[in-house]
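# Take a look and give me a structure for this.
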Amino acid sequence: MSNTNIKKVRTSDLELKDRLVSINRVTKVTKGGRTFSFSAIVVVGNENGVVGYGLGKASEVTSAIAKGVEDAKKNLVKIPVINGTIPHKQEMRFGGSLVMIRPAAPGTGIIAGGAMRAVLESVGIKNVLAKSKGSSNAHNLVKATVAALCELRDARSVAQVRGISMNKVFNG
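Predicted coordinates for the structure are as follows:
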């Protein structure tokens, strides 16, 4: 996420809904036996253009999820959503995962798999075509999807960066 147009969002006055993407049982072998703990990836969003993800680790599932939600609330970003879809197509790679998202016509729905679907629903996108290639690791898919969404720019921000009017953006 090296783009400068990432807008951090404050958690105050936002109604955030959390979605559990995946939960992993991790084993540590000690001389006394095996010690089990859990790691949870959680995505939070207000379904109106704000999303964040977090990782929580604890010895109990509920504690891991709670820590993940707290971590996700610290990493909220604003995403441009136009008429329930994204402004333009975008690709992003994170680790071994490649994510491709495209805008879709009204009524299409969210065509995406597990981890990507949770992120796109949390943002509030209603119509989108999405594809993931490479690794299906939930950590990398969530990070790649959020990074791809952060790279999106709407017409107003393009006009502002170029220093021209909105009409010139569309008409050349």
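# quick one: the strands in the protein?
For the chain, applying DSSP state E gives strands covering 17-30, 33-45, 50-58, 77-78, 90-94, 97-103, 110-111, 128-134.
# Take these and write them to TSV, including mean neighbour count, mean pLDDT and distance to residue 122.
C-beta: built from backbone N, CA, C; applies to glycine. Conversion of the strands of the chain to TSV gives the following (neighbours: other CB atoms under 10 Å; pLDDT from 0 to 100; distance: least, CB to CB, whole Å):
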stretch	mean neighbour count	mean pLDDT	distance to residue 122
strand 17-30	13	93	6
strand 33-45	19	95	3
strand 50-58	22	95	5
strand 77-78	19	92	11
strand 90-94	18	94	17
strand 97-103	21	95	14
strand 110-111	16	93	11
strand 128-134	18	94	13
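# now for those, which one comes closest to residue 171?
With CB to CB, the closest approach to residue 171 among the strands of the chain belongs to strand 97-103: 20.3 Å.
# angle of the closest one against strand 90-94?
Relative orientation of strand 97-103 and strand 90-94, computed by axes from the mean of the first three to the mean of the last three CA atoms, to 10 degrees: 160 degrees.
# Need the strands of the chain in TSV (columns: distance to residue 8).
Output for those, formatted as TSV (distance: least, CB to CB, whole Å):
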stretch	distance to residue 8
strand 17-30	19
strand 33-45	14
strand 50-58	10
strand 77-78	7
strand 90-94	19
strand 97-103	22
strand 110-111	25
strand 128-134	23
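# Determine which of those approaches residue 145 most closely.
strand 97-103 (5.2 Å).
# Who are the contact partners of residue 117?
Listed by CB atoms under 8 Å, 6 or more residues apart in numbering, the contact set of residue 117 reads 110, 130.
# and if we set it to 10 Å?
Residues touching residue 117, when contacts are defined by CB atoms under 10 Å, 6 or more residues apart in numbering, comprise 19, 21, 43, 110, 111, 128, 130, 145.
# Distance of the first one relative to residue 160?
Look at residue 19 and residue 160: by CB to CB, to the nearest Å, they are 32 Å apart.
# quick revisit: can you tell me which of the strands of the chain comes nearest to residue 84?
Closest approach to residue 84 among these is made by strand 128-134 (8.7 Å; CB to CB).
# Distance of residue 46 relative to residue 79?
Going from residue 46 to residue 79 by CB to CB gives 11 Å.
# Common neighbours of the two, please.
Joint contacts of residue 46 and residue 79 (CB under 10 Å, 6+ apart) are 9, 122, 123, 124.
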